[in-house]
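# For reference, the sequence and a predicted model appear below.
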Amino acid sequence: MDVFEGEEPEVTVTPVPGHITGEKDFTLKAADAGRGLKRVRVTAAQKDRTFKVIEKDFPFEGVANRHGTHEAEISFKMNPTLMHLSDGPVKITVEVSDFSRRNGGEGNTAVFVHETIVDTTPPSIGPVSRLHYINEGGTGLVVYRQSSDAVQSGVYVGEAFFPGYPAGEGYEQGSMVCYFAVPCRTDHEVDVYLHARDQAGNSARSSFNHAIRWKKFPVKTITISETFIESILPDFAHVDFSGSNRPMDKFLKINRDVRVQNNETCRSIGAKSSPEKLWDGTFVRMKNAATMAGFGDERIYTHQGKEIDRQTHQGVDLASVANAEVRAANRGNVIFADRLGIYGLTVILDHGQGLSSLYAHLSSINTEVGRHVEGGEQIGISGQTGLAGGDHLHFSMMVNGVFVNPIEFWDGHWIKDNIERKLSLIRSSGS
């Protein structure tokens, strides 16, 4: 073996984080197929100070170090607090040398350098609006401010996160707004709080005064007949009914599995919202339409006198004349216009900052994805596509893809008390 061999050792370090917020574990892998590993040294340098993180010497064993260490895996930690590192850039240097007699006996040396940023300071976040009354199944709005290092913020309701958005033009710079939902049948002990995260992954939370008005939703019974099932099946020709030979089995697959899939699609679509507020004023209810079913109704489905299923109604059913004009409830962008399982032909409008509206069971769609529509503009014709027993409009409102009670958005007083008054707190003096 050439004692003066010139091949450098191999070295890898994982992970290579962009930020270090607290104690961090690293794994160093080193290898030298020639004379074997001699020394591993890890340092961290910040400004004019250098800290030794780890240093390990390997013994020379056997003739030509044949029994020495040729591969090594070493774990080490970096703790900014214990190392007295301040927030800011830090350079991590790994040096691995071998037993070659090159370089005056110092051997070949491989050097790995990674520059990262120490950031142990979480962002700040705090509410501006003071009182927040939210109905179960309804929508809340909190106005808040955050520090400039926050890259994500919003409200947690239990495990569900609702992102906040910059308040936008006409409002004080740095002000944020977050619309959030308290879904039907939420646990009464649910934790609701503001949350912020910075680029390094540091997070902060802040409480805000809120009170949830718990509701008792109506229970409705719907009788399912074989005739009804046969009438809806053509709309679900794309569904794989393998193992569902009876009509009732097919209905249950639609009412359960397809419903879950469709609601997940709504959640995904509704979460892709414009950061700008696109709507203005009270949302408009379908004209001259009777309410056939309410939001949050618990529906008990029966067949031949026996209960077969239970589901929660996630919108309001409005019935006017057959083939009635369906108009946009407010300004927005069309983000979905297609067939959607139980909802049939469906249009979804994005109203910005997490709010969206859904128009379902249409017989035809008179708009297209990407189009901006004004409130009152015709977007379709009512019908009975999907899982509908008659011609009507199923209308839903969503907050970040979570269904909420549309009645609130039809109420000008609710809009004024729960949204406009809070926004007035951050309105800029020049607007």
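That came through fine.
# Show me which positions of the strand or helix carrying S97 end up buried.
Using DSSP states H and E, S97 sits within strand 88-98. Within strand 88-98, the residues that count as buried by 16 or more other Cβ atoms under 10 Å are V90, I92, T93, V94, E95, V96, S97, D98. (Glycine included, C-beta is placed from N, CA and C.)
# Which residue, other than its chain neighbours, is closest to the fifth one?
Spelled out, it's E95. R41 (4.7 Å; Cβ to Cβ, 6 or more residues apart in numbering).
# Count the residues that sit near the one you found.
R41 has 16 neighbours, counted by other Cβ atoms under 10 Å.
# Also G352?
19.
# Please apply the same query to the one 5 residues further on.
Per other Cβ under 10 Å, the neighbour tally for S357 reads 23.
# What of F58?
F58 - counted by other Cβ under 10 Å - has 20 other residues nearby.
# Who are the contact partners of it?
Neighbour list for F58: G36, L37, K38, R39, V40, G68, T69, A72 [criterion: Cβ atoms under 8 Å, 6 or more residues apart in numbering].
# Please repeat the previous calculation with a cut-off of 10 Å.
30, 32, 36-40, 65, 68-70, 72, 97-99 (Cβ atoms under 10 Å, 6 or more residues apart in numbering).
# can you list the domains in this protein?
Split into domains by automatic domain parsing, the chain comes to 10-118, 125-215+420-424, 219-400.
# now for the lengthiest helix in the chain, which elements pack on it?
Longest helix in the chain by number of residues (criterion: DSSP state H): helix 259-270. Counting contacts by 3 or more Cβ pairs under 10 Å, 6 or more residues apart in numbering; DSSP states H and E, helix 259-270 is packed against strand 306-312, strand 332-339, strand 345-352, strand 355-365, strand 393-399, strand 402-404.
# That helix: which residues count as buried?
Buried residues in helix 259-270, counted by 16+ other Cβ under 10 Å: R259, N262, N263, T265, C266, I269, G270.
# likewise stretch 368-379?
Quick answer for stretch 368-379 (16+ other Cβ under 10 Å): V373, G375, I379.
# Quick one: closest of the domains of the chain to G412.
Comparison of these against G412 by Cβ to Cβ identifies domain 219-400 as nearest, at 4.4 Å.
# Would you indicate which residues of stretch 313-327 are buried?
So for stretch 313-327, counting by 16+ other Cβ under 10 Å, buried means H313, Q314, G315, V316, D317, L318, A319, S320, A324, V326, R327.
# between those, which is closest to I419?
Lowest distance from I419 to the buried residues of stretch 313-327 (Cβ to Cβ) belongs to V316, with 19.7 Å.
# so who does the closest one touch?
285-286, 289, 291-297, 392-397, 405-407, 410.
# Then Y165?
153-154, 176-179, 273-277, 352-354.
# Now the spatially most central residue of the chain, what are its backbone angles?
Nearest to the geometric centre of the chain sits F161, at 6.3 Å (Cα atoms, centre = their mean). With angles defined as degrees, to the nearest 10, F161 sits at phi -110, psi 130.
# Write down the beta-bridge partners of it, one by one.
Y156 (DSSP bridges).
# ok, now E55?
R41.
# Any figure for the gap between the residue nearest to C266 when sequence neighbours are not counted and T12?
Counting by Cβ to Cβ, 6+ apart, G401 is the residue found nearest to C266 once chain neighbours are left out, at 6.0 Å. For G401, the distance to T12 (Cβ to Cβ, to the nearest Å) stands at 41 Å.
# Give me the more crowded residue out of those two.
The neighbour comparison of G401 against T12 (other Cβ under 10 Å) goes to G401, with 22 against 13.
# ok, so what distance separates the more buried one from A289?
Counting by Cβ to Cβ, the separation of G401 from A289 is 25 Å.
# Also T116?
Distance from T116 to A289, by Cβ to Cβ: 60 Å.
# The residue nearest to C266 touches E264, doesn't it?
Yes. Assessed by Cβ atoms under 10 Å, G401 is found in contact with E264 at 8.8 Å.
# and the nearest residue to W410 once chain neighbours are set aside, what does it touch?
Nearest residue to W410 in three dimensions, chain neighbours excluded: R285, at 4.8 Å (Cβ to Cβ, 6+ apart). Going by Cβ under 10 Å, 6+ apart, R285 touches T291, V316, L318, A329, F395, P406, I407, F409, W410, D411.
# Buried members of the residues you listed into ChimeraX, please.
Buried residues within these, by 16+ other Cβ under 10 Å, are selected in ChimeraX with:
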select :316,318,329,395,406,407,409,410
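# out of the contacts of R285, who's nearest D57?
So of the contacts of R285, ranked by how close each gets to D57 (Cβ to Cβ), first place is F409, at 70.7 Å.
# For this protein, identify the residue most remote from the centre.
In the chain, the residue that sits farthest from the middle, by Cα atoms, centre = their mean, is V63; the gap is 60.5 Å.
# Please enumerate the strands of the stretch 101-250 of the chain.
Ranges of strands in the stretch 101-250 of the chain, per DSSP state E, counting those that start in this stretch, are 109-118, 125-127, 133-135, 139-146, 150-157, 160-163, 165-166, 175-181, 192-198, 203-206, 211-213, 219-223.
# hang on, the earlier thing: next, format the buried residues of helix 259-270 as JSON lines and append pLDDT and distance to N202.
Formatted as JSON lines, the buried residues of helix 259-270 follow (pLDDT from 0 to 100; distance: Cβ to Cβ, whole Å):
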{"residue": "R259", "pLDDT": "97", "distance to N202": "39"}
{"residue": "N262", "pLDDT": "98", "distance to N202": "38"}
{"residue": "N263", "pLDDT": "97", "distance to N202": "34"}
{"residue": "T265", "pLDDT": "98", "distance to N202": "34"}
{"residue": "C266", "pLDDT": "97", "distance to N202": "33"}
{"residue": "I269", "pLDDT": "97", "distance to N202": "31"}
{"residue": "G270", "pLDDT": "95", "distance to N202": "29"}
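# Looking at those residues, which is nearest N135?
G270 (19.4 Å).
# Now that closest one. Nearest residue, chain neighbours left out?
Nearest to G270 is G401, by Cβ to Cβ, 6+ apart, at 3.2 Å.
# which residues touch that neighbour?
160, 162, 181, 263-273, 348, 354, 356.
# Now do it, the pLDDT please.
You'll see G401 listed with a pLDDT of 97.
# cool, V182 as well?
For V182, the pLDDT comes out at 98.
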